[in-house]
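A.B. asks: Need a 3D model of the sequence below.
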Amino acid sequence: MSKQETPPRPRQPNATYRSRRRALASLPNTSSSASPSSDTIVLSYSNPSTPPSSPPPPSKRSRIRQATATTFSAKKSAKSVPKENKVQTYLSLSNKPHRTTCSQCGMSYDTLSPDDTRLHSRFHARAIGGVDVSIPPHYTPVATVYLQRRETNTARKASIYKFAVRELSSGSTALRSVKTGVDATLRLCNSELSAPDEHLAALSHRAEATVFVCVAGRCSNENKVPNTPSNGAHVIVGLCLVERAEAGYFMSVDTGRVLPQSEERLIMGISRIYTVHSARRTGVAQAVLDAARRNFVYGLEVGKDCVGWSQPSESGCRVATRWCSVSMTEDEVREDRGDKKGEDVQGQMNIHRKIRVYVERV
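C.D. replies: A predicted model of the protein is given here:
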């Protein structure tokens, strides 16, 4: 009798978490108190420590990822808070108003705010004393003037330089200090005139735009008395921005109305003119205007009757009235005042003046 060979036992695959979940899902939904029926198949596992219904414990790597995601979401929610909602408050125990206006430079600022105080100190120093500037040594001034102060009977030497706006906007390293000083002075002028804050880069497209800068030594004291500069520094005390103008009209200085049928042919237009507070009433404006009309066009001295102004302010009208104003006729005075034709205004002709204005190019 031959010995029968037994076939090898098939290898059973190891039970996995997915297979356990499938087997558990195939079981009927019975309560735990009910006894299993004869048709119910009960599976047993070799590792009863982990029940089939509970998921496996998370690994160390997954716990680290979950903690990192939680930290990142917390930081993101903290950054999403807008900064505009954060307002710094100050405690004031005084009855005096903390908002004040400087009587010298005219700037209004909050005395309790450190940022406003520092901003006022910087603006005050520039508006009163001038903006620091360093002129390249190879540049020659077009005019040299002496600024006279009647109160102290002293004179202050100043030099006037001519710079093309395109030359300053080209990014030259030698003219970097001049460009910075001119931009800062233009901001002072625009803030005082409530005009748009334009830089030299935005003015380079204008036809033959030129800047005339009056440079003098810095005052050594705070009383605005022109003395010899102690450290050799120079500041911009006056500025005049001119451009090419073709046509203009007469404007009444008294009412600010443009007179009809008064078209004039112009050559030079004055866009901006500014003088720092420490150099006012010393002849800076007239000196810069004279230098501009003599050096704006090469080889030609522009007459005052060919110079126009761009919407002058009250102080600008006073400068224009002293420099290039013209007396109005009787008919122009009657039309400007709205009087009747028969009213006599002959005795008031020396009072009513008019200046030439032009439309500034955009």
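
A.B. asks: Can you name the residues in contact with stretch 277-291?
C.D. replies: Stretch 277-291 is touched from outside by 104-105, 127-130, 142-143, 145, 147-150, 156, 158, 160, 162, 212, 214, 216, 219, 224, 226, 237-240, 270, 273, 275, 307, 319, 322-323, with contacts defined as CB atoms under 8 Å, 6 or more residues apart in numbering. Every residue, glycine included, has its C-beta placed from N, CA and C.

A.B. asks: From the residues you listed, list the buried ones, please.
C.D. replies: Buried members of the contacts of stretch 277-291, scored by 16 or more other CB atoms under 10 Å, are 105, 127-130, 143, 145, 147, 149, 156, 158, 160, 162, 212, 214, 216, 219, 224, 226, 237-240, 270, 273, 275, 307, 319, 323.

A.B. asks: now, which of those residues lie within helices?
C.D. replies: Taking DSSP state H as the definition of helices, the buried ones among the contacts of stretch 277-291 contribute 127-129, 319, 323.

A.B. asks: Closest one to residue 293 out of those residues, please.
C.D. replies: Closest approach between those and residue 293, by CB to CB: residue 323, at 9.9 Å.

A.B. asks: correct me, but the closest one touches residue 304?
C.D. replies: Yes: counting by CB atoms under 8 Å, residue 323 does reach residue 304; the two are 7.1 Å apart.

A.B. asks: Tell me how far the residue nearest to residue 319 when sequence neighbours are not counted lies from residue 192.
C.D. replies: Among residues not flanking residue 319 along the chain, residue 285 sits closest, at 4.9 Å (CB to CB, 6 or more residues apart in numbering). To residue 192, residue 285 is 14 Å away according to CB to CB, to the nearest Å.

A.B. asks: Tell me which of these two has more neighbours.
C.D. replies: residue 285 (24 against 16; other CB atoms under 10 Å).

A.B. asks: Reduced to three states, what does that one come out as?
C.D. replies: Secondary structure for residue 285, judged by DSSP: H, G, I helix; E, B strand; the rest coil, is helix.

A.B. asks: Can I get the helix or strand harbouring residue 186 as CSV, trimmed to CA atoms?
C.D. replies: Here residue 186 sits within helix 176-193, counting by DSSP states H and E. Taking Å, rounded to 0.1, in the frame of the first residue of the first chain, the C-alpha atoms of helix 176-193 are listed here in CSV:
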residue,chain,number,x,y,z
ARG,A,176,21.6,113.6,-7.7
SER,A,177,21.8,116.1,-4.9
VAL,A,178,20.4,118.9,-7.1
LYS,A,179,17.5,116.7,-8.2
THR,A,180,16.7,115.7,-4.5
GLY,A,181,16.8,119.3,-3.4
VAL,A,182,14.7,120.6,-6.3
ASP,A,183,12.1,117.8,-5.7
ALA,A,184,11.9,118.7,-2.0
THR,A,185,11.5,122.4,-2.8
LEU,A,186,8.8,121.7,-5.3
ARG,A,187,6.9,119.7,-2.6
LEU,A,188,7.1,122.7,-0.3
CYS,A,189,5.8,125.0,-3.0
ASN,A,190,2.9,122.6,-3.9
SER,A,191,1.9,122.1,-0.3
GLU,A,192,1.8,125.8,0.3
LEU,A,193,-0.2,126.5,-2.9
